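> with the input below, show me the fold.
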Amino acid sequence: MAIRLFHCKRALTPTAEIADAGVLVRDGVIEAVGARESMSLPSGAQEISAADRTAIPGFVDVHIHGAGGHDVMEGTPEAMCAITRSVATHGTTSMVATTVTASADATLRSVADIAKYICEQHEADDARAEVLGIHFEGPFISPVRRGVHPEEFLRLPSAEFLEQLLHAAAGNASILTIAPELLGAMPCIDAARKAGMVVAMGHTDATYEQSRAAIAHGVRHAVHVYNAMRPFSHRDSGVIGAVLTSPEVSAELIADGVHVDEAAMRLLLKAKGAGHVILISDGISATGMPDGNYQLGNIQVTVSGGVCRNAEGKLAGSTLTLDRALRNIVALGASLCDTVRMLTLNPATLLGLEFKKGALRAGADADIVLLDEGLCVTGVWARGIAIN
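Alright, predicted model coming up:
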């Protein structure tokens, strides 16, 4: 049984800041968090001295397609291991594998393969990010706001096809993205909620009224806000207006400086507050890789200067890592504590896992990230295992 006591300059839990902090970990689980002087070193324990470092929870990415040269829709253990190892080096210790619209057969096959990996992932003893579930981004999205999703594979929302997806996911379906203005959306939202999924608005041309109706049916999340959404105007506020003024809805933000303008990011942060924004990567297979040609599902993507676009020139995900998102949002003037919350506790709470993930608290998994003064990641532990 491994016992470690982390001694850090401070710890952000992230709801509290503890100076000269100690984090006691036993067998991959946090046993205690508090002032170091109040803790004794258990017999046989290893003390990790990081007196010039800040300890925070590991990042939780609820919208990521790939990394390290691989896409989650490959579904193979080799691909999933490459992705989870790659993002872990940047502080992401938990993620929700996100699909992209494809043929029904290809989607169901990928979902079943991802589900199999999730069930078997803890058999390995190496450190990597944990896949918490599956996020279906498509096929129930608007052809008007589809982004790079292939139009030929889009479907009207269908509780019947959702049931096929749920069966393939074998209990691992976490998030459904849907355009609420489409015919059949409301019964599909109801079915997803009944199945215990988080339902999100995204890739949508919904009006304000259609968006509010979806929220009344249980939509509680908005996918990469501003991107692939009906534009906001003062006479037609649309889905963005509904998201900004509905406190029950959390909002994803891709903070790479490419997808969303700085002023728009500031507006979202101000309107929603630190408790209702979730920073995501929307990362694709090119994350952590050099410029070149990559895949997003079955979509060909070219990466130049770290920016991903399809053959039409449309943005196709990102190469953002969440440690960079943290630095970008702090640079906008947000506090470090608030920014950490947007990367950890908020996404964990969305998934109903706030007692296990996204926080430095007794009983939670020992997902710990150490940051230096420049907010660069200098150490990562996933469920108590060090990322090398």
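
> quick one: residue 312 from residue 32, how far?
Between residue 312 and residue 32 the computed distance is 54 Å (CB to CB, to the nearest Å). Every residue, glycine included, has its C-beta placed from N, CA and C.

> report how many residues lie close to residue 372.
Under the neighbour criterion other CB atoms under 10 Å, residue 372 is assigned a count of 14.

> so what's it up against?
Going by CB atoms under 8 Å, 6 or more residues apart in numbering, residue 372 touches 52, 53, 378.

> who's more crowded, residue 312 and residue 32?
Counting neighbours by other CB under 10 Å for residue 312 and for residue 32 shows that residue 32 has the greater number, 14 against 7.

> need the three-state assignment for the more buried one.
In three-state terms, and counting by DSSP: H, G, I helix; E, B strand; the rest coil, residue 32 is strand.

> quick check: it touching residue 18?
No: contact status for residue 32 versus residue 18: not in contact, 11.3 Å apart, counting by CB atoms under 8 Å.

> which pLDDT value goes with the nearest residue to residue 58 once chain neighbours are set aside?
Here the nearest residue to residue 58 in space, its sequence neighbours aside, is residue 93; by CB to CB, 6 or more residues apart in numbering that works out to 2.8 Å. We note a pLDDT of 98 for residue 93 in this prediction.

> can you redo the contacts of residue 372 as CSV with distance to residue 186?
CSV is the format used below for these (distance: CB to CB, whole Å):
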residue, distance to residue 186
52, 54
53, 49
378, 48
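
> out of these, which sit inside strands?
Residues of the contacts of residue 372 located in strands (DSSP state E): 52, 53, 378.

> what residues are up against the last one?
Looking back up the chat, that one is residue 378. 50, 53, 370, 371, 372.

> any idea how far it lies from residue 19?
As defined by CB to CB, residue 378 lies at a distance of 19 Å from residue 19.

> ok, now the second one?
Between residue 53 and residue 19 the distance, using CB to CB, works out to 13 Å.

> for those two, indicate the residue with more neighbours.
Using other CB under 10 Å as the criterion, residue 53 and residue 19 rank with residue 53 on top: 22 against 10.

> the more buried one is in contact with residue 371, isn't it?
Yes: because the distance of 6.4 Å satisfies CB under 8 Å, residue 53 is recorded as touching residue 371.

> any chance of JSON lines for the contacts of residue 372, columns pLDDT and distance to residue 154?
Listed next are the contacts of residue 372 as JSON lines, based on pLDDT from 0 to 100; distance: CB to CB, whole Å:
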{"residue": "52", "pLDDT": "96", "distance to residue 154": "51"}
{"residue": "53", "pLDDT": "98", "distance to residue 154": "47"}
{"residue": "378", "pLDDT": "98", "distance to residue 154": "44"}
